[in-house]
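J.: got a predicted structure plus its sequence, pasted below:
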Amino acid sequence: MEQQFTPEMTVDEAFRVHAGARRVFARFHLGGCSNCAISETHTIGQISEDYGIPLPMLLDNLNALFDQGVLSVGDRVRIPQEIRAKIPQLATVPETGVITGSENGAYTAEFGDVRLQGLSEDFILETQAAPAS
């Protein structure tokens, strides 16, 4: 059975199902400040009702997390240029890294001595050139 977010699921359950749920809630300005704090015991349905966010829109955004690309341990990846440009400390990080771990939609990648964590959208999969025939 395909995983999906449901109105009855609590915020805590959503966080355990997919690490990207935090980003989705943040896009709706939920959980980041005292005026929009959400409890991990709130259900997705309650959040929709309490904050006036249409439930289908919230669920569509959460369930779209499962449509993101999937990376595997051992995949070679790069950091997108737009992320490198925003974080000056990444200027000295090697161009290519390797996925070393994966859990609930979050990935760990090692770029030399630097270990980064993120979602699949935070990395670009290095495609290997086809061998010459």
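T.: Done, it's in.
J.: how about the strands in this structure?
T.: If DSSP state E is used as the criterion, the strands of the chain fall at 76-78, 96-103, 106-111, 114-118, 124-125.
J.: so which of the ones you listed comes closest to Gln46?
T.: strand 106-111 (25.2 Å; Cβ to Cβ). All C-beta atoms are positioned from the backbone trio N, CA, C, and that covers glycine.
J.: the closest one: partners in the sheet, and parallel or antiparallel?
T.: strand 96-103 (antiparallel), strand 114-118 (antiparallel) (DSSP bridges).
J.: now that strand: buried residues?
T.: Ala106, Tyr107, Thr108, Ala109, Phe111 (16 or more other Cβ atoms under 10 Å).
J.: read off the pLDDT value for the residue nearest to the third one when sequence neighbours are not counted.
T.: Just to be clear, that refers to Thr108. Leaving aside its sequence neighbours, Thr108 sits nearest to Gly101 (Cβ to Cβ, 6 or more residues apart in numbering; 3.8 Å). pLDDT recorded at Gly101 is 96.
J.: Cys36 too?
T.: So Cys36 comes in at 58 (pLDDT).
J.: check the one 4 residues further on too.
T.: The predicted structure scores Glu40 at 85 on the pLDDT scale.
J.: what about it, how many residues close to it?
T.: Using other Cβ atoms under 10 Å, the number of residues around Glu40 comes to 11.
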